[in-house]
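**Q** Pasting the sequence and the predicted model now:
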Amino acid sequence: MTTASRRAAIEVLTTNTPDTHTMRALIKHHAGPELQFVSDRPKPVPGPRDVLIRVKKAGICGTDRHIWEWDAWAAGRIPVGIVTGHEFVGTIEAVGSAVSKYQPGLRVSAEGHITSWTDYNSRTGNAHIASDTRIVGIDRDGCFGEYVVVPEENVWPVHASIPDKVAAVLDPLGNAVHTVMAAGVSAKSVLITGTGIIGLMAVTVAKAAGAGRIFATDVDPKRRALAKKLGAVEAFDPRNDAWIAEVRKACRGEGADVLLEMSGAEPALAQGLAGLRNGGTAALLGLFKGPIKFDINSLVIFKGCTVLGINGRKMFETWYQMEELLLSGKLELDDIITHEFPLEQFKKAHETMISGEGIKVVLNIGG
Ligand SMILES: NC(=O)c1ccc[n+]([C@@H]2O[C@H](COP(=O)([O-])OP(=O)(O)OC[C@H]3O[C@@H](n4cnc5c(N)ncnc54)[C@H](O)[C@@H]3O)[C@@H](O)[C@H]2O)c1
Ligand SMILES: [Zn+2]
């Protein structure tokens with residue numbers, strides 16, 4: 001797009017767009033590790049049905065770690081040159097000419113999964129598994145920049161009582177809420193394998209959603225301690241299988257009612273299913289590095305358990321449930337969101353997350 005046509009496009013908007021046409025951003029500058037900070041990225045121009053958002057804070061996700069490290073998944077999926085990042089809170093700066101619902105000035109987050117709403121699942125209430133999903137910061141420009149554009153349908157107005165720091169991480173919190181609600185935890189014993197960012201969020205969400213006893217596993221002692229602080233009755237080191245017998249013994253000798261697999265570690269799935277009772281429900285969120293092996297005969301078929309694949313957040317049922325849980329005051333997120341860094345310190349921010357020193361790390365992008 002030429003500078004003249006960009007200016008013309010901006011002028012048709014209902015907007016308080018400042019004069020500048022460039023922004024600070026982190027881009028995937030080459031097919032290799034790390035990101036690059038640039039201060040002259042062209043500011044995105046919203047289409048008629050889009051919203052331009054001035055980003056205030058953005059969360060660094062495990063997915064951003066894959067993009068930073070440029071592993072096989074990232075190399076096969078991420079277009080070189082995009083602005084990355086998909087978890088954020090900001091303020092609407094401008095709206096396209098066909099947008100009627102939202103106005104500049106509104107504080108918002110957004111669902112990062114974008115669909116055309118034309119396929120079978122989108123039209124039957126399951127847009128989170130639409131066949132044409134494109135993800136902000138993965139398939140198209142994301143929020144590690146001063147501005148991001150999303151379709152009007154993806155905007156989530158943030159309730160005034162939810163602080164920016166929390167509003168910046170609604171995306172992973174929504175993963176936890178989706179998993180917990182899909183499995184159904186009320187008055188049930190719950191086993192969570194992997195208490196990283198989303199697993200820890202799932203501990204506090206499950207507790208708020210009326211779970212009975214929560215058992216957790218993680219290889220990291222700091223995360224195990226936090227899982228207990230947030231409400232797990234016990235948190236085990238999974239490197240010794242003995243914990244499985246302890247969980248089964250504690251649950252009528254049969255195993256937990258519900259398994260939430262949130263590690264993406266191959267051994268954790270077989271362990272978790274072994275700790276689940278016959279007829280229990282397993283909700284699988286963790287993504288494995290590749291194809292995995294486990295004894296499906298004894299751990300799924302003869303057990304008669306229900307296995308649920310969990311992808312993203314339900315649009316927008318999960319978002320309403322998440323808001324209600326946040327407004328209830330029952331979620332404890334302060335210990336999970338451990339660090340904040342200005343955008344320019346993106347390297348330190350990513351290293352803090354990757355080293356395990358930080359859990360959820362947030363970038364401060366705009367004022
Ligand atoms: N399905 C989806 O829509 C979706 C969305 C976001 C993330 N994910 C996936 O969910 C998983 C969790 O994401 P996250 O952001 O919380 O990642 P994370 O890295 O913060 O958490 C993973 C945790 O698993 C722990 N772990 C490692 N090996 C383990 C083992 N053998 N047993 C138990 N715990 C073990 C790690 O110590 C860590 O605390 C990842 O695999 C991620 O890719 C899936
Ligand atoms: Zn994320």
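**A** Received it, and whenever you're ready, just let me know what you need. Ligands and ions are numbered 1, 2, ... in the order given.

**Q** Tell me the residues on the stretch 201-350 of the chain that lie near ligand 2, please.
**A** Within reach of ligand 2 by C-beta under 5 Å from the ion, the stretch 201-350 of the chain has no residues at all. All C-beta atoms are positioned from the backbone trio N, CA, C, and that covers glycine.

**Q** quick one, strands of the stretch 201-350 of the chain?
**A** In the stretch 201-350 of the chain, the strands defined using DSSP state E, counting those that start in this stretch lie at 214-217, 234-236, 256-261, 276-284, 306-309, 337-342.

**Q** Out of those, which gets nearest to ligand 1?
**A** Evaluated over these, closeness to ligand 1 peaks at strand 214-217, with 4.5 Å, by C-beta to the nearest ligand atom.

**Q** quick revisit: can you redo the strands of the stretch 201-350 of the chain as a markdown table, where the extra columns are mean neighbour count?
**A** Below are the strands of the stretch 201-350 of the chain laid out as a markdown table (neighbours: other C-beta atoms under 10 Å):
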| stretch | mean neighbour count |
| --- | --- |
| strand 214-217 | 28 |
| strand 234-236 | 21 |
| strand 256-261 | 28 |
| strand 276-284 | 21 |
| strand 306-309 | 14 |
| strand 337-342 | 16 |
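
**Q** Throw these into TSV and include mean pLDDT, thanks.
**A** Shown next, in TSV, are those (pLDDT from 0 to 100):
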stretch	mean pLDDT
strand 214-217	98
strand 234-236	98
strand 256-261	99
strand 276-284	98
strand 306-309	98
strand 337-342	98
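
**Q** Serialize those strands to TSV and add fields for distance to residue 147.
**A** Formatted as TSV, these follow (distance: least, C-beta to C-beta, whole Å):
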stretch	distance to residue 147
strand 214-217	39
strand 234-236	41
strand 256-261	36
strand 276-284	35
strand 306-309	34
strand 337-342	17
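
**Q** For residue 68, find the nearest of the ones you listed.
**A** In terms of C-beta to C-beta, the element of those nearest to residue 68 is strand 337-342, at 14.0 Å.

**Q** And the residue nearest to residue 144 when sequence neighbours are not counted, what's its pLDDT?
**A** Nearest residue to residue 144, sequence neighbours excluded (C-beta to C-beta, 6 or more residues apart in numbering): residue 85, at 3.4 Å. Residue 85 carries a pLDDT value of 98.

**Q** ok, the residue of the chain found nearest ligand 2 - contacts?
**A** Of all residues in the chain, residue 61 sits closest to ligand 2, at 2.9 Å by C-beta to the ion. Shown in contact with residue 61 (C-beta atoms under 8 Å, 6 or more residues apart in numbering): 86-87, 171-172, 197.

**Q** give me every residue that touches the residue of the stretch 101-250 of the chain found nearest ligand 1.
**A** Nearest to ligand 1 in the stretch 101-250 of the chain, going by C-beta to the nearest ligand atom, is residue 196, at a distance of 1.8 Å. Residues in contact with residue 196 (C-beta under 8 Å, 6+ apart) are 62, 218, 220, 223, 262-263, 359.

**Q** top of those residues by neighbour count?
**A** When neighbours are taken as other C-beta atoms under 10 Å, the top entry among the contacts of residue 196 is residue 262 (31 neighbours).

**Q** was I right about that residue contacting residue 203?
**A** No: using C-beta atoms under 8 Å, residue 262 is not in contact with residue 203, being 9.7 Å away.

**Q** where do the contact lists of those two overlap?
**A** Listed as contacting both residue 262 and residue 203 by C-beta under 8 Å, 6+ apart are 192, 195.

**Q** related to what we said a few turns ago, just the ones of the contacts of residue 61 in helices?
**A** Mapping the contacts of residue 61 onto helices (DSSP state H) picks out 171-172, 197.

**Q** Enumerate every residue touching the closest residue in space to residue 331 that isn't next to it in sequence.
**A** Using C-beta to C-beta, 6+ apart and skipping the chain neighbours, the partner closest in space to residue 331 is residue 204 (5.1 Å). By C-beta under 8 Å, 6+ apart, the residues touching residue 204 are 230-231, 330-333, 336.

**Q** what's the farthest-apart pair in those residues?
**A** Pairwise distances across these peak at 14.3 Å for 330 and 336 (criterion: C-beta to C-beta).

**Q** More neighbours: which of those two?
**A** Higher neighbour count among residue 330 and residue 336: residue 336, with 26 against 14, using other C-beta under 10 Å.

**Q** And the more buried one, how far from residue 103?
**A** As judged by C-beta to C-beta, to the nearest Å, residue 336 and residue 103 stand 32 Å apart.
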